[in-house]
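Novice: Sequence and predicted structure are below.
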Amino acid sequence: MAISEAQVRYVATLARLAVTDEQVATLAVELSGILEHVGTISELDLENVQPTAHAIAVTNRTRRDVPKPCLPREIALLNAPEARDGAFVIPKIG
């Protein structure tokens, strides 16, 4: 499926992208190629193929959630640019 330059300009407008005439021409060719590949993939028989998020099995390596003593407040506030009454002082937002 070929993408016209008018379609590229339309999509660029929707995406609020400023594109030059040269970029429009290049994008039309590149997007047409991408759609050709998608068309090829859509012709594959994937009836018995399970959906996957990764090509190989992936598992998260997480540590055990073991409670530990908290950092003492005084130590946590040592590097604070400003602290008052045992808390960080931050600029007022509003």
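Specialist: Looks like it arrived, so ask away. These numbers were taken from a predicted model, which means no experiment stands behind them.

Novice: what about dumping the CA coordinates of the lengthiest helix in the chain to PDB?
Specialist: Identified as the longest helix of the chain according to DSSP state H is helix 21-42. Provided in PDB are the C-alpha atoms of helix 21-42 (Å, rounded to 0.1, in the frame of the first residue of the first chain):
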ATOM      1  CA  ASP A  21       8.800  18.900   1.400                       C
ATOM      2  CA  GLU A  22      11.900  16.800   1.300                       C
ATOM      3  CA  GLN A  23      10.900  15.000   4.600                       C
ATOM      4  CA  VAL A  24       7.400  14.500   3.200                       C
ATOM      5  CA  ALA A  25       8.800  12.700   0.200                       C
ATOM      6  CA  THR A  26      11.100  10.600   2.300                       C
ATOM      7  CA  LEU A  27       8.400   9.700   4.800                       C
ATOM      8  CA  ALA A  28       6.000   8.700   2.100                       C
ATOM      9  CA  VAL A  29       8.500   6.100   0.800                       C
ATOM     10  CA  GLU A  30       9.500   4.900   4.200                       C
ATOM     11  CA  LEU A  31       5.900   4.600   5.500                       C
ATOM     12  CA  SER A  32       4.900   2.800   2.300                       C
ATOM     13  CA  GLY A  33       7.700   0.300   2.900                       C
ATOM     14  CA  ILE A  34       6.600  -0.200   6.500                       C
ATOM     15  CA  LEU A  35       3.000  -0.900   5.400                       C
ATOM     16  CA  GLU A  36       4.200  -3.400   2.800                       C
ATOM     17  CA  HIS A  37       6.000  -5.300   5.600                       C
ATOM     18  CA  VAL A  38       2.900  -5.200   7.800                       C
ATOM     19  CA  GLY A  39       0.900  -6.600   4.800                       C
ATOM     20  CA  THR A  40       3.400  -9.400   4.500                       C
ATOM     21  CA  ILE A  41       3.200 -10.300   8.200                       C
ATOM     22  CA  SER A  42      -0.600 -10.200   8.000                       C
END
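
Novice: how far does the very next helix or strand once past it sit from the chain's center?
Specialist: Sequence order places helix 73-76 as the next helix or strand after helix 21-42, per DSSP states H and E. Chain-centre distance of helix 73-76: 35 Å, with C-alpha atoms, centre = their mean, to the nearest Å.
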